[in-house]
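Participant: got a predicted model here, sequence first, then my questions.
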Amino acid sequence: MQILTITPTREDWLRQHAKILKFVFEHGGNQAARAEFILLARLTAEQLAAPGTSLMAATVRCEDGERLAGVSFVSGYGAEGCLVVVHPLYRGRGIGTSLLASQLRQLGTMRCEALLSRLPFVKMCFRAGLHAVAVHQGAAGEPALVMEGPCGDPDGASITLTQEGDPLCRYPC
């Protein structure tokens with residue numbers, strides 16, 4: 001598997017954008033109707049170059065060439081939108097987690113909402129290095145976790161409290 005950052009400087013932006021939109025629409029389930037899909041659909045090359053916005057794709061090599069296995073889109077460091085879609089044949093293999101972790105490494109910090117009714121996405125967020133900072137009512141009144149990634153240490157330092165009196169936050173935001 002290879003994770004690529006889609007950059008607006010590539011000459012075939014419109015073709016790539018259309019291919020990603022088709023992939024998200026076909027394999028995103030009911031995620032495709034959410035606000036994140038609309039954000040992605042309206043995305044221009046100039047908006048993609050803005051700080052806090054990132055588009056990544058995971059590809060796998062097949063007999064007939066490279067295939068798209070997953071897509072991740074983050075806007076506004078995740079506050080405006082965070083979308084991860086993995087092809088059904090490749091789910092459960094860590095592709096979504098790798099995409100989200102790559103987004104976190106590239107952006108340095110992220111904040112997104114994970115509905116508790118979507119447990120696979122919640123687990124993926126935890127595995128990618130995000131942690132829950134709050135619980136609130138999400139879309140359609142469902143409970144959701146507000147997930148946040150490191151901002152003081154972009155490489156994702158882990159905090160291990162070994163002695164009494166250790167500081168609770170070594171990398172404040």
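Facilitator: All right, it came through fine.
Participant: sheet partners, orientation included, of the longest strand along the chain?
Facilitator: Using DSSP state E to define each element, the chain has its longest strand at strand 65-75. Counting by DSSP bridges, the strands paired with strand 65-75 are strand 54-62 (antiparallel), strand 81-86 (antiparallel).
Participant: who's in contact with the helix or strand just after the last one?
Facilitator: On the C-terminal side of strand 81-86, the nearest following helix or strand under DSSP states H and E is helix 95-107. Among residues not part of helix 95-107, those counted as contacts by C-beta atoms under 8 Å, 6 or more residues apart in numbering are 1, 3, 5, 52, 54, 56, 58, 69-72, 74, 77-78, 84, 86, 110, 121, 124-125, 127-130, 149-150, 154-156. Using the backbone N, CA and C atoms, a C-beta is placed for each residue, glycine as well.
Participant: stretch 38-51 now?
Facilitator: 6-9, 13, 17, 20-21, 24, 53-55, 73, 75, 80-81, 83.
Participant: now a ChimeraX select for only the buried ones of these.
Facilitator: Buried members of the contacts of stretch 38-51, defined by 16 or more other C-beta atoms under 10 Å, are picked up in ChimeraX with:
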select :6,8,13,17,20,21,24,53,54,55,73,75,81,83
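Participant: and the helices in the protein?
Facilitator: 13-27, 35-41, 45-48, 95-107, 119-128 (DSSP state H).
Participant: so which of those is the most packed in?
Facilitator: helix 95-107 (a mean of 21; mean count of other C-beta atoms under 10 Å).
Participant: per-residue pLDDT of the closest residue to residue 37 other than its chain neighbours, please?
Facilitator: If the residues on either side of it in the chain are set aside, residue 37 comes closest to residue 24, at 6.1 Å by C-beta to C-beta, 6 or more residues apart in numbering. Residue 24 is assigned 92 on the pLDDT scale.
Participant: residue 24 against residue 87, yeah?
Facilitator: No - with contact defined as C-beta atoms under 8 Å, residue 24 does not count as touching residue 87 (10.6 Å).
Participant: burial of residue 108, as a residue count?
Facilitator: 15 (other C-beta atoms under 10 Å).
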